[in-house]
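Participant: With the sequence up front, the predicted model follows.
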Amino acid sequence: MSQTISVDFDGVLHSYTSKWVSASVIPDPPVPGAIEWLNSMAEKFEIVVHTTRARSADGREAVALYLIQHGLSDRAKRRIVVSYEKLPAIIYIDDRAWRFQGTFPTVTEIQEARPWNKPA
């Protein structure tokens with residue numbers, strides 16, 4: 001049985017530098033190295049790409065097509081699921097996550113949190 005990793009789409013795989021248009025419009029390039037990384041991870045893991053875009057069939061299809069158009073390998077295509085839900089995984093990779101290490105974030109830490117590519 002293969003292990004699963006879960007990866008956020010917008011801000012992790014898709015650079016998401018433009019404003020939101022719709023679930024099926026994905027205007028920006030991938031984050032440098034993202035597709036190559038997915039291809040290599042698909043050699044060892046099943047992959048769930050989680051995104052709010054996947055709430056609709058059009059959004060799921062747009063994400064899958066985006067990954068393919070940007071170089072996703074045939075092998076990786078068979079090992080990736082695009083989902084709205086964060087399915088069970090051994091790790092979750094997300095640009096808007098807080099790594100819980102026994103203490104909870106303060107109100108200020110939450111309000112000041114920014115994705116890596118959108119500095120304050």
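Facilitator: Sure, I can see it.

Participant: For residue 76, grab phi and psi.
Facilitator: Per-residue torsions, residue 76: phi -60, psi -40 (degrees, to the nearest 10).

Participant: In this structure it contacts residue 42, no?
Facilitator: Yes. The pair residue 76 / residue 42 is scored as a contact, 3.6 Å apart, by C-beta atoms under 8 Å. Every C-beta, even on glycine, is put in place using the N, C-alpha and C of the backbone.

Participant: between these two, what contacts are shared?
Facilitator: When C-beta atoms under 8 Å, 6 or more residues apart in numbering defines a contact, no residue borders residue 76 and residue 42 alike.

Participant: Doesn't residue 111 belong to a helix?
Facilitator: Yes. Counting by DSSP: H, G, I helix; E, B strand; the rest coil, residue 111 is part of a helix.

Participant: where's it relative to residue 118, distance?
Facilitator: Using C-beta to C-beta, to the nearest Å, residue 111 is found at 14 Å from residue 118.

Participant: ditto for residue 7
Facilitator: Residue 7 is 18 Å from residue 118, by C-beta to C-beta.

Participant: More neighbours: these two, which one.
Facilitator: It is residue 7, of residue 7 and residue 118, that has more neighbours when counted by other C-beta atoms under 10 Å, with 22 against 10.

Participant: Ramachandran coordinates for that one?
Facilitator: With angles defined as degrees, to the nearest 10, residue 7 sits at phi -130, psi 130.

Participant: nearest residue to it other than its sequence neighbours?
Facilitator: In space, and not counting its chain neighbours, residue 7 is closest to residue 93: 4.7 Å by C-beta to C-beta, 6 or more residues apart in numbering.
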